[in-house]
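[1] Got a sequence here, can you build the structure:
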Amino acid sequence: MYRLIFLSGRYQGKRLVVRQGITWLGHDSQSHIPLAAEENIAARHAQLEDTGSGVYLSPLADDAPIRLNGELIAGAVRLQHDDEFLLGNLRVQYQEIIAPRVRQRPSPGLLQPVTLLLALGILATEIIIIAFMVKWPERLILPQSEATDIAQAEVIRVQREAEKEAEGSGAASSHAATVVTLPGTSGASTGQTAETEKAAVTNAAAEVLQEADFTPAELGTTLTNLPAATPTDPRIEQAQRLLSEAVAAIQFADYPAATRLLNQVHQLQPGYAPAHVEHARLLELRGELDAAQQRWTQIMGMVAEDSAIQHLAKKEKQRLADLRAQQTQVLATPATDTPPVARLPRQIRIVTPPVVQKMPADANVEEMRILNAEIALAPDASLFKDAAVQVVVTFYDITTDGQMHPTRAITHGPALITGGVLSGGKPYPVQATYVAPPGLRTREASATGQRSSYYGFTLHVFAGRILQDAIAKPKKLLDLPIQLPADPH
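    Numbering: from 1, shown residues only. Okay, the predicted model is just below:
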């Protein structure tokens, strides 16, 4: 199961959940997802196949190319989450959906009965052992053996008492034989001898200490003066926690919640620089480039001149200034390195494909066509309000020998506007006219020898010098150089 999000065309903004294995896309009514209203779509344009191990995108027609993330594919390619593929002029985004887990009913199998029997066996064994231990003396000790053991214990006791009496008498006689009192002496001499022995021991200890020769340590001396421990500021801890929540909200594209959390950090700790850095990045993500530039200027005034945040703020402010210069300068010369359409930033995009309506001829007009389209600002666009938005429409004619060239008819393109006009989110109408006055084709034929006729158009959208989006009919006209009007103002 996966989701398709239409980024352009009739179903722009719609989300479609696909649960089947094989899905066909094309303008054929028999396709699973019919796209009859889209341009440059084949009858069977593409196939999405869910194999269980992944979803594969493959083209079904040789003349119906598919671009995946800007690259042309020729066979089946496995899609990754958030991949974008282009079918004609239709952009579609693929997203994976994690299917809810189905709770499976546990199966007893063979293990549970065996475990139950083993538990019952252990329980029966314990009951038998407990019943045996209730009267174990009666079962293990016989009367005859008990009497014999008591008599043997009495004999052993009598022998030990006799041994103790013999040891006591022998020690008394030995002590009496050792201590001899000489005639004329008293007990004082015995005390004097003990004092002499004590003095000898003290002198021996002093000699050992002298041989050691070390300085005794002074107890009670403070070895290190440790600084007093300071508790962490609870406001800093709360600011760090709120900042972590804001960063997580930005990663999940929940910009309102991130803005609310960052404002709480600013109220709690107005000078907390990491919160201002994340706020500046958030403003750029939301397309508020002027506010982001002001926020980086504010950061430069609150941090040290040689700090890493100061260098970061200067770098980001200069980058936004360069981007402003690229967006606000009116394009005067065609871009030499025009990127492919699939790689254009499309911050300003063509939301309604151009429709060319042919008007009836009259006495003043030999041929007249009117082109109508709509452009709009992308939801995640990073565009300055004073950006110069320039829409260049070029009509082409073709001669009888197949040569294409910009028309010589009278054309009038859309006027130059600013990015603020698109900030409301509503599409902005674009109109251009193609007028061939009477006799133009005849004069062309006489001057060049070839008669010309209307062939197609190109439409390019610029924000300053940056090409945002382009479309042409037929497509090969996009390979030609961009034709700017003589006076872009």
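[2] Helices of this structure, residue ranges please.
    Under the criterion DSSP state H, the chain carries helices at the ranges 111-133, 136-140, 143-178, 187-212, 234-251, 255-268, 273-285, 289-300, 308-328, 419-422, 440-448.
[3] What is the fifth one packed up against?
    Identification of packing neighbours for helix 234-251 by 3 or more CB pairs under 8 Å, 6 or more residues apart in numbering; DSSP states H and E yields helix 255-268, helix 273-285. Where C-beta positions appear, they are placed from N, C-alpha and C, glycine not excepted.
[4] Give me the average confidence score over that helix.
    Mean per-residue pLDDT for helix 234-251: 89.
[5] Now do that helix and helix 255-268, the angle between them.
    On the basis of axes from the mean of the first three to the mean of the last three CA atoms, to 10 degrees, helix 234-251 is oriented at 160 degrees to helix 255-268.
[6] can you start the count at 29 instead of 1 from here on
    Noted, 29 is the first residue going forward, which turns the last one into helix 262-279.
[7] circling back to that earlier point, deepest in the core, which of the helices and strands packed on helix 262-279 is it.
    Most buried of the helices and strands packed on helix 262-279 by mean neighbour count (mean count of other CB atoms under 10 Å) is helix 301-313; its value is a mean of 20.
[8] Centre of the chain to it, how far?
    The chain centroid and the centroid of helix 301-313 are separated by 17 Å under CA atoms, centre = their mean, to the nearest Å.
[9] Hey, what's the angle from that helix to helix 262-279? Just curious.
    Using the same axes, to 10 degrees: helix 301-313 against helix 262-279 is 20 degrees.
[10] For H517, report the pLDDT, please.
    In this model, H517 carries a pLDDT of 42.
[11] Next, format the helices and strands packed on helix 262-279 as CSV and append distance to A475 and mean pLDDT.
    Converted to CSV, the helices and strands packed on helix 262-279 look like this (distance: least, CB to CB, whole Å; pLDDT from 0 to 100):
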stretch, distance to A475, mean pLDDT
helix 283-296, 59, 91
helix 301-313, 54, 90
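[12] And L144, how close does it get to A319?
    Note on L144: its distance to A319, by CB to CB, to the nearest Å, is 70 Å.
[13] now D507
    Taking CB to CB, one finds D507 at 40 Å from A319.
[14] more crowded one of those two?
    A direct count of neighbours by other CB atoms under 10 Å for D507 and A319 places A319 higher, at 14 against 9.
[15] my guess is that one contacts L310, does it?
    No - counting by CB atoms under 8 Å, A319 sits too far from L310 to count as a contact (9.7 Å).
[16] hey, what's in contact with both of the two?
    Common contacts of A319 and L310 (CB atoms under 8 Å, 6 or more residues apart in numbering): none found.
[17] about what we covered before: ok, which of the helices and strands packed on helix 262-279 comes nearest P381?
    helix 301-313 (28.7 Å; CB to CB).
[18] Tell me which of the helices of the chain sits most buried.
    Of the helices of the chain, helix 301-313 is the most buried (mean count of other CB under 10 Å), at a mean of 20.
[19] For V393, what are phi and psi?
    The phi/psi pair for V393 (degrees, to the nearest 10) reads phi -130, psi 120.
[20] Show the contacting residues for the nearest residue to it once chain neighbours are set aside.
    Leaving aside its chain neighbours, V393 sits nearest to V463 (5.9 Å; criterion: CB to CB, 6 or more residues apart in numbering). When contacts are counted by CB under 8 Å, 6+ apart, V463 touches 393, 395-396, 437-440.
[21] who wins for most neighbours among these?
    Of the contacts of V463, with other CB under 10 Å as the count, A437 tops at 21 neighbours.
[22] State the distance from the nearest residue to that residue once chain neighbours are set aside to E394.
    Distances taken as CB to CB, 6+ apart place A464 nearest to A437, at 4.4 Å, with adjacent residues excluded. Counting by CB to CB, the gap from A464 to E394 is 5 Å.
[23] got it, and Q48?
    Distance from Q48 to E394, by CB to CB: 54 Å.
[24] Looking at these two, which one has more neighbours?
    E394 (16 against 10).
[25] Could you pull up phi and psi at the more buried one?
    phi -80, psi -40.
[26] Quick check: bridge partners of the residue nearest to V393?
    M396, I438 (DSSP bridges).
[27] Now do the strands in the stretch 379-517 of the chain.
    395-405, 416-427, 432-434, 438-440, 445-446, 456-464, 480-491, 494-501 (DSSP state E, counting those that start in this stretch).
[28] Please identify the buried residues of the third one?
    The reference is to strand 432-434. Of the residues in strand 432-434, none count as buried by neighbour count, 16 or more other CB atoms under 10 Å.
[29] And the contacts of it?
    With CB under 8 Å, 6+ apart, strand 432-434 has contacts from 422-427, 480, 483, 505, 508, 511.
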